[in-house]
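>>> Quick one, what's the 3D model for this:
(one chain, ligands or ions: 1)
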Amino acid sequence: MPEHWTRNTLEITAYCKKCEAMTQHRVDDGRRGPCLPCIAKLEEKIKVKRIREGLKKEQCEEREKQNPKLF
Ligand SMILES: [Zn+2]
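Numbers count the residues shown, from 1 in each chain. Next up is the predicted model:
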């Protein structure tokens, strides 16, 4: 294995195909993990999705409270 890092290494610089650039990558158990900018993007997407879903749910609950007999 030409690529290996100690367990103490948490981040390495490697080429990311998605970013098409050298980026910081997380190291999982001495192996190259996901690229940090990609994780950040993914987390941002998940956060936005959760906020949207949360808002929808809140709006529905609010509507139910206002018109409980409609349901
Ligand atoms: Zn990336």
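>>> bridging residues for residue 21?
Note on residue 21: beta-bridge partners residue 16, judged by DSSP bridges.
>>> pLDDT wise, what is residue 70 at?
Looking at residue 70, its pLDDT stands at 61.
>>> got it, and residue 6?
For residue 6, the pLDDT comes out at 62.
>>> what about the residue nearest to the spatial centre of the chain, helix or strand, and which?
The structure's the chain has its C-alpha centroid closest to residue 43; by CA atoms, centre = their mean the separation is 2.4 Å. Taking DSSP states H and E as the criterion, residue 43 maps to helix 36-66.
>>> Show me what that helix packs onto, helices and strands only.
Packing partners of helix 36-66 (3 or more CB pairs under 8 Å, 6 or more residues apart in numbering; DSSP states H and E): strand 11-16, strand 21-28. C-beta here means a position set from N, CA and C on the backbone, and glycine is covered the same way.
>>> Recalculate using a threshold of 7 Å.
Here helix 36-66 touches strand 21-28, going by 3 or more CB pairs under 7 Å, 6 or more residues apart in numbering; DSSP states H and E.
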